[in-house]
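1. test case, fold it:
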Amino acid sequence: MARSEARPVVTLRSTAGTGQSYATRKSRRNNPDRLVLRKFDPAVGRHVLFREER
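-> This is a model prediction of the structure:
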């Protein structure tokens with residue numbers, strides 16, 4: 001099965017400035033704007049906001 005363009009892989013980069021990143025998929029139809037998730041940053045040792053990079 002081919003990968004769908006409706007659910008692309010996006011990179012989430014830490015807002016704490018540590019360079020930590022996560023890769024995930026998102027639905028372009030349901031979330032057309034940039035994704036922001038609160039995830040754990042091991043360099044800081046706590047949860048911080050991760051924003052979608054393009």
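2. contacts for stretch 12-23, please.
-> Stretch 12-23 has contacts (C-beta atoms under 8 Å, 6 or more residues apart in numbering) with 9-11, 24, 35, 37, 39, 41-44, 48-53. In short, each C-beta sits where N, CA and C put it, glycine included.
3. for it, output the C-alpha coordinates as CSV.
-> Provided in CSV are the C-alpha atoms of stretch 12-23 (Å, rounded to 0.1, in the frame of the first residue of the first chain):
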residue,chain,number,x,y,z
LEU,A,12,8.1,18.2,15.6
ARG,A,13,10.9,20.4,16.9
SER,A,14,11.3,21.4,20.6
THR,A,15,10.6,25.0,21.5
ALA,A,16,13.1,24.8,24.3
GLY,A,17,15.9,25.2,21.8
THR,A,18,17.6,21.8,22.5
GLY,A,19,17.3,20.5,19.0
GLN,A,20,15.3,17.5,20.1
SER,A,21,12.7,16.3,17.5
TYR,A,22,9.9,13.8,17.0
ALA,A,23,8.5,12.4,13.8
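4. point to the residue nearest the middle of this protein.
-> Leu12 (2.7 Å; C-alpha atoms, centre = their mean).
5. what's the closest non-adjacent residue to it?
-> Leaving out its chain neighbours, the residue that sits closest to Leu12 by C-beta to C-beta, 6 or more residues apart in numbering is Phe50, at 3.9 Å.
6. what is the neighbour count of that neighbour?
-> 23 (other C-beta atoms under 10 Å).
7. so what's it up against?
-> Residues near Phe50 by C-beta under 8 Å, 6+ apart: Leu12, Arg13, Ser14, Thr15, Gln20, Ser21, Tyr22, Val36, Leu37, Arg38, Lys39, Asp41.
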